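Undergrad: sequence and predicted model, in that order:
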Amino acid sequence: MPHAITAMILPCPVSAEAADRWDLMPVSLRCDLTLLHVTHYYTAYWQARLGISSYFELPSEAPGLFPREGVVTTIAAELATRPDPAFAVVLTDYFGGVGDQWAAVSVGGGPVRSVNTINTALRALGISATAGSDEFDTVGLAAHRSTPDYLDRYVDLCDELGV
């Protein structure tokens, strides 16, 4: 069974008004985390629409569709209703137990930095694995297996903007 998501994770409840403004649907995870599905096309659209020019510095081996647009920090700040939010951006692409994952994390408004696994990003957000599980399973990420179809429209929106 595949597991292919791209999402932002915040260690707090998020502003419902901000989620609506940003066209995001918050999903509660265990351990008081909130998951918000995003895609590279989603972040590229908002980056272009708002005229933001910053990008995260990620290693060259980062997947091309990993959201690296600086607008993610702006979105996270509005969702968390604070200027220095902690958040992670994660990507999974697994089928039949084979595949890849990628993660980047920002803690306390610090720079976004690439980390080697989603579990490392979750630990940076304060998550401790429960006995017999890793952090990924502890928070319930395994139950969220795909990015919602409503984000597909951002591919066309990017085309319309020439992004």
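TA: Done, it's in. Nothing here was measured: the structure is a model prediction, and the numbers come from that model. Residues are numbered from 1 along each chain as shown.

Undergrad: tell me where this structure has strands.
TA: Under the criterion DSSP state E, strands of the chain are mapped to 6-10, 27-28, 34-37, 87-95, 98-106, 113-115.

Undergrad: and these: which comes nearest Val155?
TA: strand 6-10 (13.1 Å; C-beta to C-beta). Quick note: C-beta positions are derived from backbone N, CA and C, even for glycine.

Undergrad: output the strands of the chain in JSON lines; the columns should cover distance to Pro67.
TA: Converted to JSON lines, the strands of the chain look like this (distance: least, C-beta to C-beta, whole Å):
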{"stretch": "strand 6-10", "distance to Pro67": "6"}
{"stretch": "strand 27-28", "distance to Pro67": "17"}
{"stretch": "strand 34-37", "distance to Pro67": "11"}
{"stretch": "strand 87-95", "distance to Pro67": "6"}
{"stretch": "strand 98-106", "distance to Pro67": "9"}
{"stretch": "strand 113-115", "distance to Pro67": "12"}
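
Undergrad: most tightly surrounded among those strands?
TA: strand 6-10 (a mean of 23; mean count of other C-beta atoms under 10 Å).

Undergrad: what segments of the protein are helices?
TA: 16-21, 40-50, 71-80, 118-124, 135-139, 153-161 (DSSP state H).

Undergrad: need the residues that contact stretch 44-51.
TA: Contact partners of stretch 44-51, identified using C-beta atoms under 8 Å, 6 or more residues apart in numbering, comprise Trp22, Ile52, Glu69, Gly70, Val71, Thr74, Ile75, Tyr154, Leu157, Cys158, Leu161, Val163.

Undergrad: one step back: looking at the strands of the chain, which is nearest to Thr138?
TA: Comparing the strands of the chain by C-beta to C-beta, strand 6-10 comes nearest, at 12.7 Å.

Undergrad: what about this structure, any weak spots by pLDDT?
TA: Residue ranges of the chain with pLDDT under 70: 1-2.
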